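> sequence-free structure coming up:
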């Protein structure tokens, strides 16, 4: 019984790791679509989001099966519930990548971003993809230190996001209101993507240590 | 055993209903703080958000207790897991009210909103508070029709949100980029608040019917 249970938990972790890969790839493509006004790449992200939603549904079904058949307690129960939460965060990360791709598509063939903010988004995209990769590692290894490492990347994202706002608000901003609105929302999508990545990592810490990290 | 279990489920519903009240009140006050540049009201929302977070922690603890001690299956299991999800949505609604209050505080003693978009936010605030009230009713009554009613309010919110964007993007916008950035983010906070309210209602439908509504 116990062995079967461990095996099933392993399948759950596999599914979550695979979701991390999916949303990392989605954000990588969405960022490229945004920076290069690449319509087909944007549409690929749009088409493939359903796979993230399906994976999330599978995690939830699987977790339900585990809860109903195995009635886990204590740490095992915590693991299964955390997996359900993590799948929700990961699905939301996929949605945020989708929002980026939709913005790129909406403005096509025009570029969404004025040239002077492009480096910010290249960098925010890079950090987002790195965070998705780290989430995968943390799920695989359950390494609490690695999970804490995500907070640093998230701080970096927050710094970029804050700085982006000073650029937007500066009197030198010459790209008008419409571009500012797009940049504001896009900035928020990347920032939220990072928040959800941190949230998954914190759940892993919770599973391993029994304590939810604060901060 | 069964009776105790039903009683505990009732406590869980009470806690969720009370969270709905809290986040509705928070959004009502945050909107008033925003529209009237009322600093003390904004600070009240900021101070009281911790109560929403605590309520959410209680729901989760309570749900864990139920899962560990009662090992519910089928519909009962679904109810408990949905309660955990609903608490997460409600906590997020509280955070969004908090973001509105923070924006009001940041710009104090200035008003955040140019006069011509104030009616939009008065209306979006009204719908948000109405949605929180409806969520409470749906949790209390488990009325599937009432739950579907939330989708209409959400459509109204989306319409307002879309229209707000046409105002922002119009060449007549004369309030500059900084105000546009604030309005963009604020609009998104209200829209997300409504999305989370709908999500709670959908979970109730799922609990009652066994099917997750699509849309």
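The structure has been received and is ready for your questions. These figures come from a predicted structure and were not determined experimentally.
> isn't residue A:182 right up against residue A:104?
No. Shown here, residue A:182 and residue A:104 do not form a contact pair, counting by C-beta atoms under 8 Å, at 10.0 Å. C-beta: built from backbone N, CA, C; applies to glycine.
> between the two, which one's more packed in?
Neighbour comparison, residue A:182 and residue A:104: the larger count goes to residue A:104, with 31 against 22 (by other C-beta atoms under 10 Å in any protein chain shown).
> before we move on, the earlier item: quickly list what's touching both of residue A:182 and residue A:104.
Shared contacts of residue A:182 and residue A:104, defined by C-beta atoms under 8 Å, 6 or more residues apart in numbering or on different chains, are found at residue A:112.
> how far does the one helix or strand residue A:165 maps to sit from its chain's centre?
Using DSSP states H and E, residue A:165 sits within helix A:144-169. In terms of C-alpha atoms, centre = their mean, to the nearest Å, the gap separating the centre of helix A:144-169 from the centre of its chain is 14 Å.
> equivalent analysis for stretch A:205-214, please.
With C-alpha atoms, centre = their mean as the basis, stretch A:205-214 stands 20 Å off its chain's centre.
> what comes up buried for it?
Of the residues in stretch A:205-214, those with enough neighbours to count as buried (16 or more other C-beta atoms under 10 Å in any protein chain shown) are A:205-208.
> can I get those in JSON lines including secondary structure?
What follows is the buried residues of stretch A:205-214, written out as JSON lines (DSSP: H, G, I helix; E, B strand; the rest coil):
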{"residue": "A:205", "secondary structure": "helix"}
{"residue": "A:206", "secondary structure": "helix"}
{"residue": "A:207", "secondary structure": "helix"}
{"residue": "A:208", "secondary structure": "helix"}
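> between these, which is closest to residue A:160?
Nearest to residue A:160 among the buried residues of stretch A:205-214, counting by C-beta to C-beta, is residue A:205 at 24.4 Å.
> point out where chain A drops to low pLDDT.
Within chain A, the ranges that satisfy pLDDT under 70 run A:1, A:214-215.
> please enumerate the helices of it.
In chain order, chain A shows helices spanning A:2-36, A:39-70, A:74-107, A:118-141, A:144-169, A:176-209, with DSSP state H as the criterion.
> got the angle for the shortest one vs helix A:2-36?
If I follow you right, that is helix A:118-141. Here the directions of helix A:118-141 and helix A:2-36 differ by 170 degrees (axes from the mean of the first three to the mean of the last three C-alpha atoms, to 10 degrees).
> report all helices and strands that helix A:118-141 contacts.
Under the contact criterion of 3 or more C-beta pairs under 8 Å, 6 or more residues apart in numbering or on different chains; DSSP states H and E, the helices and strands touching helix A:118-141 comprise helix A:2-36, helix A:74-107, helix A:144-169, helix A:176-209.
> where does chain A come near chain B, residue by residue?
Within chain A, the positions lying close to chain B (C-beta under 8 Å from any C-beta of the partner chain) are A:64, A:67-68, A:71, A:73-74, A:77-78, A:81, A:84-85, A:88, A:165, A:168-169, A:173, A:176-178, A:180-181, A:184-185, A:188.
> tell me the buried residues within those residues.
A:64, A:67, A:71, A:77-78, A:81, A:84-85, A:88, A:165, A:168, A:173, A:177-178, A:180-181, A:184-185, A:188.
> which one of the residues in chain A is closest to chain B?
Chain B sits closest to residue A:71 of chain A, with a gap of 3.6 Å, by C-beta to the nearest C-beta.
> grab the nearest non-local neighbour of that residue.
What sits nearest to residue A:71 in space, not counting adjacent residues and going by C-beta to C-beta, 6 or more residues apart in numbering or on different chains, is residue B:71, at 3.6 Å.
> for the one you found, give its distance to residue A:70.
Shown here: residue B:71 relative to residue A:70, a distance of 9 Å by C-beta to C-beta, to the nearest Å.
> out of the helices of chain A, nearest to residue B:5?
Scanning the helices of chain A with C-beta to C-beta as the criterion, the closest one proves to be helix A:39-70, at 15.1 Å.
> for the closest one, which residues meet the burial criterion?
So for helix A:39-70, counting by 16+ other C-beta under 10 Å, buried means A:41-46, A:48-49, A:52, A:55-56, A:58-60, A:62-64, A:66-67, A:70.
> could you name the helices and strands sitting against it?
Applying 3+ C-beta pairs under 8 Å, 6+ apart, we find helix A:39-70 packed against helix A:2-36, helix A:74-107, helix B:74-107.
> for the last one, buried residues please.
Looking back up the chat, that one is helix B:74-107. When neighbours are counted by 16+ other C-beta under 10 Å, the buried residues of helix B:74-107 are found to be B:76-105, B:107.
> list the contacts for the residue minimising distance to the centre of chain A?
The centroid of chain A falls nearest to residue A:93 when counting by C-alpha atoms, centre = their mean (3.5 Å). When contacts are counted by C-beta under 8 Å, 6+ apart, residue A:93 is found next to A:23, A:27, A:132, A:193, A:196-197.
> quick check: the farthest pair among the residues you listed?
The most widely separated members of the contacts of residue A:93, counting by C-beta to C-beta, are A:27 and A:196 (11.1 Å).
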